[in-house]
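Participant: Here's a sequence, model it:
(one chain, ligands or ions: 1)
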Amino acid sequence: MTAKMPQKYYSRLWRAILEFDLLADGDRILVGLSGGKDSVFLTYALAAIRDSSPRRFELAAVTLDPQFSADFDPSPLTDFCASLGVPHHPLTANIAGAIAKGGGKNPCFVCSYFRRAAINSFAVEHGFNKVAYAHHHDDAVETFVMGMLYTGQLKTFLPKTQLDRTGLAVIRPLIFFREKELRATPRLHGFTPIPSPCPLDGKTKRQEVKELIRGWERTNKHVFRHLAAAMRESPASELWPPTPSRAELQAKHRAFWNKR
Ligand code: SF4
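Facilitator: This is a model prediction of the structure:
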């Protein structure tokens, strides 16, 4: 199959690639392909630009079976990748076991940690220099809101992260796609996404935040755009200075009262 997309999808993809320097000559890119709509589209979209990109790159995909279900079958993804000329590597890691071992505490944190570790090790062992994930604009904004609500920090993931220890770069080429656009993409490539085998799917803090943002959007249609703009570093930001240490506060206290 020859991968092709509407022009607006090429524009979103190239905007991310160019703005955040996601592609370089000779890159060997490994796509994290879970089988969900986003990662299937990411594989398709990168295959669509592979032959015309002025920067030549190699593409492969990895599918991790986290052992949430005995029925997980990655073979339809192998066929899909083969139709795009993308080598596909199924991989297994006992993430369900790691979550159970941790007593079920912070399951998404444990899952992401072990998932990333397994995929990054595979990438390094097989000579890939970049790992591509299918995080989109809604994911970034939700992570930004979750950071504020649950950790009191203004932060989200970056479109590109250089991992110092392994030398790998993590890239997120779909960062300018909205989730609602991605819902329509199975019509483009014809592959029916594989339902997530995770028992927590749709019951996470992220889902709660997604619904919270949707609720805000019902009363203010600009909310998403404003949250996305607030994720950018900006000279217009007016934030309090960092919390001083106890020693700094004590020094201020002494300096103030010694003036009397
Ligand atoms: S929802 Fe399930 S698959 Fe997703 S991070 Fe949490 S435990 Fe992992």
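
Participant: report the longest strand in this structure, please.
Facilitator: strand 57-65 (DSSP state E).

Participant: That strand close to the ligand?
Facilitator: No: judged by C-beta under 6 Å from any ligand atom, strand 57-65 and the ligand are separated, with a smallest distance of 10.0 Å. (Each C-beta comes from the backbone N, C-alpha and C, glycine too.)

Participant: Identify the neighbouring strands of that strand in the sheet and state each direction.
Facilitator: Using DSSP bridges, the strands paired with strand 57-65 are strand 27-32 (parallel), strand 88-92 (parallel).

Participant: Gly85: what's its closest spatial neighbour, skipping adjacent residues?
Facilitator: Closest residue to Gly85 apart from its sequence neighbours, by C-beta to C-beta, 6 or more residues apart in numbering: Ala47 at 7.0 Å.

Participant: name the element the one you found belongs to?
Facilitator: helix 37-50 (DSSP states H and E).

Participant: And that helix, what does it pack against?
Facilitator: Contact here means 3 or more C-beta pairs under 8 Å, 6 or more residues apart in numbering; DSSP states H and E; on that basis helix 37-50 packs against helix 7-19, strand 27-32, strand 57-65, helix 75-84, helix 179-183, helix 186-189.

Participant: Name the residues that touch the second one?
Facilitator: Residues from elsewhere that reach strand 27-32 (C-beta atoms under 8 Å, 6 or more residues apart in numbering): 39, 42-43, 46, 55, 57-62, 64, 86, 119, 122-123, 126-134, 171.

Participant: Now the buried members of these.
Facilitator: 39, 42-43, 46, 57, 59-62, 64, 86, 119, 122-123, 128-134, 171 (16 or more other C-beta atoms under 10 Å).

Participant: Now for His89, how many residues are close by?
Facilitator: 18 (other C-beta atoms under 10 Å).
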